[in-house]
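Novice: Sharing a sequence plus its predicted fold:
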Amino acid sequence: MAESVLKEIIPPVTEVQRAPLWRRIWEAVQLPALALFTAFVVGGFIIALSDFKVLEALADTISRLNPLGYALLILTVMVLIGGVLISRRPEVILRRLRFAGTGRQSRWFNIIAVLLTIAAVIILLVVIGFGPVLALAWSAVTGAYGALIEGSLGNSAQIVTALQSGDSRAIALAFYPISESLVASTPYIFAGLAVALGFRCGLFNIGAEGQLFIGALTSVFVGYSITGLPAILHIPLALGAGALGGALWGFVPGFLKARVGAHEVINTIMMNYIAFRLSEWLLNGPMKRPGAVPVSPFIEASAQLPRFFPDPIRFHLGFFIALGVAVFIWWFLFKSKWGFEIRTVGANPSAARYAGMNIALNIILAMCMSGALAGLAGANEVLGVNYNLANAFSSGYGFDSIALALLGRSHPFGVVLAALLFGTLRSGGTRMQNVAQIPIDIIIVVQALVIAFIAAPGIIRAIYRIVKPGEGEVVFTRGWGR
Amino acid sequence: MATTTAVQTPRYTPAQLAAMAERRRHRIIGTIMVLLGFAGLVLFANNADPAAVSTFGLNTGRTAVIRLGDLVVPTQATVIALSSLCLFIGGYQIIRGFGKSTNAVFGLIILFFIASFLVWATGDKSINLAAMINSTLLRAVPLTLGALSGVMSERAGVVNIAIEGMMLSGALVATITGSLAGSLWVGVAGAVLTGVLLSLFHAVLSIRYKVDQIISGTVINIFSVGITSFISAKFLSEFPRLNNPGIFRSEPVPLLSAIPILGPIFFDNNFFVYAMFALLIVVHVALFYTRWGLRTRAVGEHPKAADTLGINVFRTRYTAVLLSGALAGFAGAYFTLGSVGRFDEGMTAGRGFIALAAMIFGNWTPFGAFGAALIFGFADSLQSRLAILNVPIPSQFLLMAPYIATMIALAGLIGRTTPPAADGKPYEKQ
């Protein structure tokens, strides 16, 4: 009797769960990977189309076009449209051609159609005389992305020669880009975990940026105002202060959401701006270092997170703390009773209430933890990298973290991977700006596109014709009201 | 555990409960009024110099035919009078209550409080009241337009937190198209079109692909920050000619601008101020007095019912979101074409979110949003004058005021704001 009831309650194991590991990993990774790829392709178009040389060459070529050229150009556009149409609806075309293909065949047909279309368009454009333009565009895009990779991961030849020479200074320089990427990834791990934890509870914490500011404020205050402590006490104290400050900033919207149902999105946005103004005031007044610039005093040496290598390399303990926190959050979310309750409240509040869980308490707890994680991101920056706090020091870590929580599918390990990626993008973007004269803001555009593609998997599935897996779409948040 | 959740006999009927909540709310408001009165006495009257007088200028200069003398009041006496009035009215509110006109009385009390603050802050100096009201109005323009954009889309059930991004992009495109064409009107058209394009993206994502509307709005916000900074760094810094559209000059309305005080404030402004008033009325009438508006609101409140009655939910939402984008783009044009005449990176500086706050504060109605925008605009214009007045309040705290006020309003302490019932929920046709 009981067994038959259980059989009815517990759903049968689905295909995805039974599939081998590599297949499950592929299922999990293919959408983010394709989203990233597509976003970078779009970014490449933006880079190419904003390159002055490309634009000049383009204008030049168009001005020298003869009637035949115009005719061929129209033909090219038609080929492009035709190719897109064919690749969209291959079944229809195949039926016309009396190939009653199965799904698998039509998929190959689809890929071949796309490749053929691209090839045909390129050949036609070269024939018309757009060859130099395409070459310039290609070199602009590869130059930009090449600088991005070199700036974030380093030059492989340089690394090899440095390792062969055995000179410690050369090795340090060769690995400097990678270390900078890791340094940039560290706050992303914390902030991404913050947003991901919120998502798991059905909360959209846009306030990571503000919580990060408050965390930086409190930890820098503890860092410079308390003197004479040994590092072993001072560092945890300063980190804890950062977490506490962030948690406080997360508590307010969480409390309001739990008690009166005020939507956390609005409240976290408002709390962001309150945090900005508050830090502006503190840095111009009570916490200002003597002098003209609104900057806090430097923290004591005992509060600095230790660095592992001599000076140019800023890689510090914070990275390992971040990894440890990620493991803890994974344990908390998936192995502890608290995490189970938080996830249940996020997935189905009614079920959670019916099961006797305290929804208000879980929402408040999730927002506090989310805020604490974001606060740790801020604390990590001031204790490990800057050693002081200046106005607008964060430049959007909190906002980028929304993108990387989505990219990491709100799973702590996914978030770590996404954070590593975003950290490399951020540190490589600086070099791209210097070498290829591409403003670093293109990275922000790419990130926005990544969020769009991840949040709307329908677009990616439509582009690459991927069959929708069995799982339902995740709803992250609800309406303004309750 | 199980026994406590057993059926309890209701002690009060729902109507009684509602009346109790209403009485409680009135008492809270009364208490706040009394507290404001006390605050006025303790903070302002107590610290005022008994001999000081506050001087308020009433002329903005340009077109006033009749010039008025300055308004001079004794600082301490005025503050005491205003605060006592607050105390008295607040006490009456606690004991008897003003009933339905409570909100209006509360607005009046806030006005008194602000007035007593101004009188105290001005103490022994002079401040140009007319110019201040005018700058309040100007600062309220982008907030009002942005809030109208929010009202438009949220009334149809689509949350639009992308007002900020649409304004930013609109500001950039306005300056580029305006400079290229050498015409401000082309700039306005470009900004509106940009808003429409971005909102089309928002609409397709949130209506067709049923993406979480907050995420799709966030995408637009982040995308706009990136792409405007990119274009600005790549092109505008290289070709300054592209960033020089000029601005709309103020054009006094012939007779009306000669009215003392009110004339220069309301009828001697640039195109955007007049457009704001016009759009305010248009949106209000369209939403509340036309068949289209009724349908739009029905879709925002109960899409399934609307669908059953034959209203095309998707098309209604698309229309509303696109109009919302047009309004936000237009608001963006104000920053470049109506204000400073050039684009700077991140120049909207969170005003889109204040507009969102104004919409919530105004309870999702056009005129309520306008009122809220005026209050927020006043806080903004006040903080820029604090430095002159030498008041011991950091300007940052006044800049925080809109955000804190919104959180209080949203928390329902002073009365609940009620968003459209289906706001933020994708509609799944069955």
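Specialist: Nice, I can see it.

Novice: from here on, contacts and neighbour counts on C-alpha atoms
Specialist: Will do.

Novice: Identify the residue nearest the geometric centre of chain B.
Specialist: B:A373 (2.5 Å; Cα atoms, centre = their mean).

Novice: Tell me the buried residues in the host helix or strand of that residue?
Specialist: Element membership for B:A373 (DSSP states H and E) is helix B:366-389. For helix B:366-389, burial by neighbour count (16 or more other Cα atoms under 10 Å in any protein chain shown) applies to B:366-383, B:386, B:389.

Novice: so what does it touch, helix or strand wise?
Specialist: Packing partners of helix B:366-389 (3 or more Cα pairs under 8 Å, 6 or more residues apart in numbering or on different chains; DSSP states H and E): helix B:129-155, helix B:271-289, helix B:351-361, helix B:395-411.

Novice: Can you give the distance from that helix to the centre of its chain?
Specialist: Put simply, helix B:366-389 sits 9 Å off its chain's centre (Cα atoms, centre = their mean, to the nearest Å).

Novice: Kindly report the same for stretch B:237-247.
Specialist: Relative to the chain's own centre, stretch B:237-247 is displaced by 30 Å; criterion: Cα atoms, centre = their mean.

Novice: which outside residues touch that stretch?
Specialist: Outside stretch B:237-247, the residues that touch it by Cα atoms under 8 Å, 6 or more residues apart in numbering or on different chains are B:175-176, B:178-180, B:182-184, B:187, B:235-236, B:336-343.

Novice: would you put the C-alpha positions of that stretch in PDB?
Specialist: The C-alpha trace of stretch B:237-247 is given here as PDB (Å, rounded to 0.1, in the frame of the first residue of the first chain):
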ATOM      1  CA  SER B 237      35.700  61.700 -28.100                       C
ATOM      2  CA  GLU B 238      37.200  61.300 -31.600                       C
ATOM      3  CA  PHE B 239      34.700  63.600 -33.300                       C
ATOM      4  CA  PRO B 240      33.400  66.200 -30.900                       C
ATOM      5  CA  ARG B 241      31.300  67.600 -33.700                       C
ATOM      6  CA  LEU B 242      29.000  64.600 -33.200                       C
ATOM      7  CA  ASN B 243      28.300  65.700 -29.600                       C
ATOM      8  CA  ASN B 244      27.200  69.200 -30.200                       C
ATOM      9  CA  PRO B 245      23.400  69.300 -31.000                       C
ATOM     10  CA  GLY B 246      22.600  72.500 -29.200                       C
ATOM     11  CA  ILE B 247      19.600  72.700 -26.900                       C
END
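
Novice: I'd like the mean pLDDT over that stretch, please.
Specialist: For stretch B:237-247, mean pLDDT is 80.

Novice: Mind listing what's buried along it?
Specialist: Neighbour-count burial for stretch B:237-247 [16+ other Cα under 10 Å]: B:L242, B:N243, B:N244, B:P245, B:G246, B:I247.

Novice: okay if I get these as a markdown table plus distance to B:T78 and secondary structure?
Specialist: A markdown table is the format used below for the buried residues of stretch B:237-247 (distance: Cα to Cα, whole Å; DSSP: H, G, I helix; E, B strand; the rest coil):
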| residue | distance to B:T78 | secondary structure |
| --- | --- | --- |
| B:L242 | 52 | helix |
| B:N243 | 49 | helix |
| B:N244 | 48 | coil |
| B:P245 | 47 | coil |
| B:G246 | 44 | coil |
| B:I247 | 41 | coil |
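
Novice: what's the farthest-apart pair in these?
Specialist: By the measure Cα to Cα, B:L242 and B:I247 form the most distant pair in the buried residues of stretch B:237-247, at 13.9 Å.

Novice: show me where chain B has strands.
Specialist: With strands called from DSSP state E, chain B shows them at B:53-57, B:71-74, B:126-128, B:251-252, B:268-269.

Novice: So the residue nearest to the centre of chain B is in contact with B:A355, correct?
Specialist: Yes: look at B:A373 against B:A355 with Cα atoms under 8 Å: they come within range, at 7.1 Å.

Novice: what sits in contact with each of the two?
Specialist: Residues touching both B:A373 and B:A355 by Cα under 8 Å, 6+ apart: B:L143, B:T144.

Novice: Helix or strand with the lowest mean pLDDT in chain B?
Specialist: Lowest by mean pLDDT, DSSP states H and E among the helices and strands of chain B is helix B:262-266, with a mean of 72.

Novice: Get me the contact residues on the stretch 251-400 of chain B for chain A.
Specialist: Counting by Cα under 8 Å from any Cα of the partner chain, the positions of the stretch 251-400 of chain B adjacent to chain A are B:F353, B:A357, B:P394, B:Q396, B:F397, B:L399, B:M400.

Novice: Please parse chain A into its domains.
Specialist: As given by automatic domain parsing, the domain ranges for chain A are A:22-159, A:178-421.

Novice: Need those domains in JSON lines (columns: mean neighbour count, distance to B:G157 and mean pLDDT).
Specialist: Converted to JSON lines, the domains of chain A look like this (neighbours: other Cα atoms under 10 Å in any protein chain shown; distance: least, Cα to Cα, whole Å; pLDDT from 0 to 100):
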{"stretch": "domain A:22-159", "mean neighbour count": "16", "distance to B:G157": "28", "mean pLDDT": "78"}
{"stretch": "domain A:178-421", "mean neighbour count": "23", "distance to B:G157": "15", "mean pLDDT": "88"}
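
Novice: Give the closest residue to A:C368 in space, chain neighbours not counted.
Specialist: In this structure, A:C368 finds its nearest non-sequential neighbour in A:A247, 4.4 Å apart by Cα to Cα, 6 or more residues apart in numbering or on different chains.

Novice: ok, the one you found touching A:I364?
Specialist: No: using Cα under 8 Å, A:A247 makes no contact with A:I364, being 9.9 Å away.

Novice: now the helix holding B:A373 against helix B:351-361, angle please.
Specialist: 130 degrees (axes from the mean of the first three to the mean of the last three Cα atoms, to 10 degrees).

Novice: Reduced to three states, what does the residue of the stretch 101-250 of chain A found nearest chain B come out as?
Specialist: Of all residues in the stretch 101-250 of chain A, A:F204 sits closest to chain B, at 8.5 Å by Cα to the nearest Cα. Here A:F204 is recorded as coil under DSSP: H, G, I helix; E, B strand; the rest coil.
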